[in-house]
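Undergrad: coordinates only, sequence not included:
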């Protein structure tokens, strides 16, 4: 049988209704690596999978929403404590959701 497929890739273990959605996922993932596509390119260095763990939670304004508040450490201005908090949260999130990503850290 003759095949015109020269490469195959997976975007996950699930079934879609067609190839269009999978193509859009690939386009988005690849285009993010093109300089200028992401406004602040340095943000790419801190995303999930740049290290073997998921990202820490992100917060935005307002500082309080429906009884939920941004953790005080994130508004403290102490960059060392913020980085430590982010690392701890990333490890916790990864252990809960993707323990397969954790190595001997």
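TA: Yep, it's here. Note that the coordinates shown come from a computational prediction; the quantities given were computed from them, not determined experimentally.

Undergrad: and residue 21, how many residues sit next to it?
TA: Neighbour count of residue 21, defined by other C-beta atoms under 10 Å: 11. Every C-beta, even on glycine, is put in place using the N, C-alpha and C of the backbone.

Undergrad: Let me know the secondary structure of residue 57.
TA: Secondary structure, DSSP: H, G, I helix; E, B strand; the rest coil: residue 57 is coil.

Undergrad: Hmm, it is touching residue 93, no?
TA: Yes - in this structure, residue 57 is within contact of residue 93 by C-beta atoms under 8 Å, at 7.3 Å.

Undergrad: now what about the longest helix along the chain, what contacts it?
TA: Longest helix of the chain, by residue count under DSSP state H: helix 79-97. For helix 79-97, contacts defined as C-beta atoms under 8 Å, 6 or more residues apart in numbering pick out 51-57, 71, 73-74, 76, 101-102, 105.

Undergrad: now stretch 21-35: how far from the chain's centre is it?
TA: 14 Å (C-alpha atoms, centre = their mean, to the nearest Å).
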